[in-house]
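Asks: I'd like to go over a predicted model; first the sequence, then the structure.
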Amino acid sequence: DANCDAQNYFVVAELVEGIPLRDLMNKRRDQGKGFSLREIRPVLQQIASFFRDSGVAEHGALSPENIWIRPNGLRIHDVGWAKNLPAAAVGYRLSSRGNARAYVAPELLAGAGPTPRSDVYSLGVLVCEMFLRKPLAGGPEAFAAVQDDLPPDLGALLGCALAAHPEARYANVLDFESAM
């Protein structure tokens, strides 16, 4: 849950057992191993299932730090807080969270509120980093620098997911996952 009192914004979150996807990604990177598309697809399928089954339209802050691996599957953290805080507070919190900034859609950094298309952008960054073993820092422009390192089909899918303008992206996470 997220809310504010007279002077402060605050977020209350459930304690969840497991490890953040970020920890697994760091471990694989340190071993010089990326993720294959066969390994990435189930992650996207579980994230898409979360959106389909929960009825949540947008998360607004997806990153490997709030996707947790549990014995019975993935768990998505921080659901709803981005929607319940003013856009300026969301942009600030996301941009101040170290690696999480790379996952923030350009429109959120500019002060717009979260949408399903901003989640598509975040997942595009996630897939790119999982496959290439390095963060995609620098927004949509950074994707152009790494696009040649990807298989052509994946490059085309991620190009759509990471488009600078939200209208050019997949409409939502379910559409992105279907395209993958």
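Replies: Looks like it arrived, so ask away.

Asks: When you work out contacts or count neighbours from here on, use the C-alpha atoms and nothing else.
Replies: Noted.

Asks: how about the strands in the protein?
Replies: For the chain, the strands defined by DSSP state E cover 2-4, 9-11, 19-20, 67-70, 73-76.

Asks: Could I get the buried residue list for the last one?
Replies: This points to strand 73-76. In terms of neighbour count (16 or more other Cα atoms under 10 Å), strand 73-76 has its buried residues at 74-76.

Asks: Now do the closest residue to residue 176 other than its chain neighbours: how many residues are near it, please.
Replies: With sequence-adjacent residues excluded and distances taken as Cα to Cα, 6 or more residues apart in numbering, residue 176 is closest to residue 170, at 5.7 Å. The number of residues packed near residue 170 is 24, by other Cα atoms under 10 Å.

Asks: Would you mind listing where this protein has pLDDT under the threshold?
Replies: The model of the chain has pLDDT under 70 over residues 1-4, 9-16, 78-99.

Asks: Okay, helices next: where are they in this protein?
Replies: 21-30, 37-54, 81-84, 87-95, 106-109, 116-132, 140-146, 152-161, 173-179 (DSSP state H).

Asks: The longest one: how far from the chain's middle?
Replies: Centroid separation for helix 37-54 versus its chain: 12 Å, with Cα atoms, centre = their mean, to the nearest Å.

Asks: Can you list the neighbours in contact with it?
Replies: With contact meaning Cα atoms under 8 Å, 6 or more residues apart in numbering, helix 37-54 is reached by 56-58, 73-74, 76, 127, 130-131, 173-174, 177, 180.

Asks: okay, the angle between it and helix 152-161?
Replies: Going by axes from the mean of the first three to the mean of the last three Cα atoms, to 10 degrees, helix 37-54 is angled at 30 degrees with respect to helix 152-161.

Asks: what angle sits between helix 37-54 and helix 116-132?
Replies: 160 degrees.

Asks: ok, back up a step: the helices of the chain into CSV, with extra columns for distance to residue 62 and mean neighbour count?
Replies: Listed next are the helices of the chain as CSV, based on distance: least, Cα to Cα, whole Å; neighbours: other Cα atoms under 10 Å:
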stretch, distance to residue 62, mean neighbour count
helix 21-30, 11, 16
helix 37-54, 10, 15
helix 81-84, 10, 20
helix 87-95, 10, 18
helix 106-109, 12, 19
helix 116-132, 6, 25
helix 140-146, 17, 15
helix 152-161, 14, 18
helix 173-179, 11, 18
